[in-house]
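Trainee: Would you be able to build a 3D model of this:
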Amino acid sequence: MFHKPFKVRSTTSIKGSDRKKLRVELGKQFGSYFATEQLSDVIPPKDDVTVTKIYSHSGEGFIIYSLDKNPIFFENIDKQLFPTVYTLWKYPDLLPLFATWPPVFGKMTKGADLMLPGVVVRGELTPSTLGNLCRGDICAINLVGNRSPVCVGITAMSSSDMFDSAMRGKGVKVLHTYTDQLWEMGDRSSPPILETSSPEAELNEEPQQSNNLSENCSTSDPHTEVNKEKDLGLSDTITVNSLQNYDLKKKSESLEHIAVSEADNPNGEQQEITMQGMDGLMYQSFLASLKTNVKVKDLPLLTSKFYRTHLQSCCPPGKIIDVKKSTYKKLSKFLKEMEKQDFVKVKELSKGVESIIEVNRNHPDLRKFAVPEDFLPFIQATSGLSADTDSKSTDCVPPEITELFGVPANMTQLFGPAGFSKGKALTAAEVRKVITDYVKDNQLQKEHSKGGVIMDAILTDTVLGKGERLDNLKWEELFKRCFGKMSPCHQVLFPGKPALLKKGRVECITINISQRGGNKKVTLVENLESFGIDPEEFGHFCQIGLACSTSISPLPGKGRGFQLLVQGSQTNFVTNTLTDKYKIDKKYILGSEKGPKGKKR
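Mentor: Below is the predicted model of the structure:
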């Protein structure tokens with residue numbers, strides 16, 4: 001989050017009343033650790049405490065609280081407080097800890113998150129090893145051999161989900177690290193050396209519940225740590241004593257891979273696979289995915305999503321698909337080969353972005369293929385898990401928008417007898433019915449021309465303009481004038497939430513192309529929030545799908561939402577994503593026509 005420079009909006013000294021409010025918020029969030037009297041030590045009553053408001057490189061707003069020029073807490077847009085590494089070095093047990101290796105930390109300083117295979121767990125993995133964490137809980141990360149935290153983040157899944165996933169997937173979303181831009185705001189001190197329990201003590205201890213996740217289980221074999229290091233694929237044996245003297249400022253540039261966890265390799269033997277074996281594994285998993293969990297409703301399917309959600313989930317237990325270890329080297333080459341064999345049809349949406357648009361389910365090899373029974377339950381479990389976790393981003397349900405018309409004061413004499421008072425919002429069908437019933441009840445339809453309506457005093461006062469005199473109007477003209485006199489409004493209904501009535505017409509999503517320095521173009525997208533779309537999530541999807549950078553910045557004016565910037569002229573991709581992924585009606589998208597048209601054949 002802070003691995004890139006951020007923009008400072010303002011820096012001010014905190015008031016006495018704000019100090020008290022900050023202590024109250026800290027007591028609410030960390031009351032289980034801090035006693036009431038300790039909060040005065042965390043936020044002293046007379047020391048210099050400043051508040052700095054910033055925008056991160058991605059456009060998110062943060063508030064940083066600093067004590068004597070050292071940042072101690074930062075607050076996100078949801079008013080959630082996070083301690084910095086400076087605070088955690090003073091109170092190392094404030095947050096639950098995950099332990100990892102120094103080379104992994106080198107990756108996290110560059111913006112990577114902590115994956116579960118990189119978490120060091122001593123002893124056998126059990127449900128109680130990882131504590132009782134929920135998804136989104138604040139946690140910290142330390143290095144093996146030193147209890148001082150070096151990263152702060154939030155859990156990407158609950159501890160029970162971590163255990164159920166066999167320690168696969170993303171474990172912690174990293175927000176702040178030692179050596180990042182937030183750390184550089186302070187005195188740039190190094191983490192203290194805090195001893196963990198000695199190896200001899202660990203050998204004799206029973207597993208105990210602890211905040212330090214690397215110490216939750218005791219070790220039964222003095223050589224366990226050496227075996228762990230071999231399993232983790234580190235080129236050199238790193239002992240606990242050498243790690244205590246490890247220079248944290250040296251960011252390791254290479255961590256080839258992290259080996260399979262004990263849940264996947266119960267015998268503790270490192271599994272190796274040849275290129276031809278990886279080709280066969282990919283082919284088998286490819287057929288299993290087409291046979292089991294790629295449905296017709298999933299098409300068209302981005303190849304990146306197919307690899308992540310479908311192909312990986314159909315890999316047999318104890319094995320991991322790594323395209324780089326195959327003869328294909330790239331997923332696109334593998335899919336081209338499958339296309340040559342007439343299994344699927346792949347279409348290139350833009351440069352580097354491909355999608356599977358058709359699956360040939362009548363292919364003889366696919367029809368003859370039978371999913372092995374030994375890993376069929378594993379496929380069902382992982383595909384069910386992926387469906388749950390990915391449903392938020394793929395099976396999007398758009399809001400139901402209904403255009404309405406409010407009854408103004410000068411039209412109550414027309415709508416009042418029908419039971420609609422001033423300010424009542426009606427649909428277009430209801431407005432037409434009221435007018436039609438009024439005309440029929442008062443016998444105002446022309447006898448020889450059913451397309452005309454005789455204008456009486458009420459219709460004249462209600463529909464016609466000042467000084468305008470007409471004896472009759474056609475039906476469509478009467479309806480058009482009536483709608484023009486009424487107050488436009490609309491109702492927005494999100495699934496599972498009460499309906500919202502908003503004044504004015506529907507604010508459409510706007511897409512604009514802006515030219516920056518030279519010949520550089522960017523795509524600007526606004527008003528995503530009105531349709532329940534998270535700009536950050538949408539920007540992340542564009543970033544992956546287009547392999548380009550995105551950023552979010554607040555629009556000027558109070559409550560106007562955010563503007564998403566996508567590098568390049570990406571109108572077609574943004575429009576297709578809104579209509580296909582989020583199911584937004586194209587009439588609510590302004591600027592979609594600005595995209596490049598396909599060449600005429």
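Trainee: And the next helix or strand past the host helix or strand of residue 161?
Mentor: Element membership of residue 161 [criterion: DSSP states H and E] is helix 159-164. Going down the chain from helix 159-164, the next helix or strand is strand 170-177, by DSSP H and E.
Trainee: after that following strand, next one along is what?
Mentor: Using DSSP H and E, the first helix or strand after strand 170-177 is helix 181-184.
Trainee: Check the average confidence over that next one, would you?
Mentor: When pLDDT is averaged over helix 181-184, the result is 91.
Trainee: I'd like to know which elements it is packed against.
Mentor: Applying 3 or more Cβ pairs under 8 Å, 6 or more residues apart in numbering; DSSP states H and E, we find helix 181-184 packed against strand 70-75, strand 170-177. The way it works is simple: take the backbone N, C-alpha and C, and place the C-beta from them, glycine included.
Trainee: quick one, which of those is packed in tightest?
Mentor: Of all the helices and strands packed on helix 181-184, strand 170-177 has the most neighbours on average by mean count of other Cβ atoms under 10 Å, namely a mean of 22.
Trainee: and the angle from that one to strand 70-75?
Mentor: Per axes from the mean of the first three to the mean of the last three Cα atoms, to 10 degrees, the angle that strand 170-177 makes with strand 70-75 is 130 degrees.
Trainee: From the chain's centroid, how far away is strand 170-177?
Mentor: 14 Å (Cα atoms, centre = their mean, to the nearest Å).
Trainee: Okay, now the unreliable bits of the stretch 301-450 of the chain?
Mentor: By pLDDT under 70, the low-scoring segments of the stretch 301-450 of the chain are 317-318, 372-396, 448-450.
Trainee: Quick check: the gap between the spatially most central residue of the chain and residue 307.
Mentor: Centrality entry for the chain: nearest residue to the mean C-alpha point is residue 537, 4.3 Å, by Cα atoms, centre = their mean. Between residue 537 and residue 307 the computed distance is 20 Å (Cβ to Cβ, to the nearest Å).
Trainee: Could you do residue 182 as well?
Mentor: For residue 182, the distance to residue 307 - Cβ to Cβ - is 34 Å.
Trainee: one step back: my guess is the residue nearest to the centre of the chain is in a helix, correct?
Mentor: Yes: under DSSP: H, G, I helix; E, B strand; the rest coil, residue 537 sits within a helix.
Trainee: quick one: it from residue 544, how far?
Mentor: Taking Cβ to Cβ, one finds residue 537 at 11 Å from residue 544.
Trainee: Next, the buried residues of stretch 44-51.
Mentor: Across stretch 44-51, burial judged by 16 or more other Cβ atoms under 10 Å covers 49, 51.
Trainee: Kindly export it (C-alpha atoms) in PDB.
Mentor: Provided in PDB are the C-alpha atoms of stretch 44-51 (Å, rounded to 0.1, in the frame of the first residue of the first chain):
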ATOM      1  CA  PRO A  44       0.500  11.300  25.500                       C
ATOM      2  CA  PRO A  45      -1.500  14.300  26.600                       C
ATOM      3  CA  LYS A  46       1.300  16.900  26.000                       C
ATOM      4  CA  ASP A  47       3.700  15.400  23.400                       C
ATOM      5  CA  ASP A  48       3.700  16.600  19.800                       C
ATOM      6  CA  VAL A  49       1.000  14.500  17.900                       C
ATOM      7  CA  THR A  50       0.300  15.400  14.300                       C
ATOM      8  CA  VAL A  51      -2.400  14.400  11.800                       C
END
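Trainee: Distance from that stretch to the middle of the chain?
Mentor: For stretch 44-51, the distance to the chain centre is 35 Å (Cα atoms, centre = their mean).
Trainee: likewise stretch 422-434?
Mentor: 40 Å.
Trainee: Could you look up the next helix or strand downstream of whatever helix or strand residue 290 lives in?
Mentor: Following DSSP H and E, one finds residue 290 within helix 275-292. Next helix or strand after helix 275-292 toward the C-terminus (DSSP H and E): strand 301-302.
Trainee: list the helices and strands that following strand packs on?
Mentor: Using 3+ Cβ pairs under 8 Å, 6+ apart, strand 301-302 is in contact with strand 353-359.
Trainee: quick one: strands adjacent to the strand it packs on?
Mentor: strand 301-302 (antiparallel), strand 344-350 (antiparallel) (DSSP bridges).
Trainee: what comes up buried for it?
Mentor: Applying 16+ other Cβ under 10 Å to strand 353-359 flags 353, 354, 355, 356, 359 as buried.
Trainee: Could you give the bridge partners of the second one?
Mentor: In other words, residue 354. Bridge pairing for residue 354 - DSSP bridges - gives residue 348.
Trainee: give the contact list for it.
Mentor: Residue 354 is in contact with 302, 303, 332, 335, 346, 347, 348, counting by Cβ atoms under 8 Å, 6 or more residues apart in numbering.
Trainee: Wait, the second one touches residue 331, no?
Mentor: Pointing back at residue 303 there. Yes: contact criterion Cβ atoms under 8 Å: residue 303 and residue 331 qualify, at 6.2 Å.
Trainee: Pipe the strands paired with strand 353-359 into a markdown table and attach mean neighbour count per row.
Mentor: Output for those, formatted as a markdown table (neighbours: other Cβ atoms under 10 Å):
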| stretch | mean neighbour count |
| --- | --- |
| strand 301-302 | 20 |
| strand 344-350 | 16 |
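Trainee: Relative to residue 287, which of the ones you listed is closest?
Mentor: Within these, the stretch nearest residue 287 is strand 344-350; the backing value is 11.1 Å (Cβ to Cβ).
Trainee: low-confidence ranges in the stretch 51-200 of the chain?
Mentor: In the stretch 51-200 of the chain (pLDDT under 70), the answer is 196-200.
Trainee: The stretch 451-600 of the chain now?
Mentor: Residues of the stretch 451-600 of the chain that meet the criterion pLDDT under 70 lie in 558-559, 597-600.
Trainee: Give me the phi and psi for residue 504.
Mentor: With angles defined as degrees, to the nearest 10, residue 504 sits at phi 80, psi 180.
Trainee: was I right about it contacting residue 530?
Mentor: No: look at residue 504 against residue 530 with Cβ under 8 Å: they stay out of range, at 11.4 Å.
Trainee: neighbour-wise, which of these two wins?
Mentor: Legend: neighbour count by other Cβ atoms under 10 Å for residue 504 and residue 530, higher for residue 530 (17 against 9).
Trainee: before we move on, back to that, for the helices and strands packed on helix 181-184, give me JSON lines that also has distance to residue 416.
Mentor: Converted to JSON lines, these look like this (distance: least, Cβ to Cβ, whole Å):
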{"stretch": "strand 70-75", "distance to residue 416": "53"}
{"stretch": "strand 170-177", "distance to residue 416": "57"}
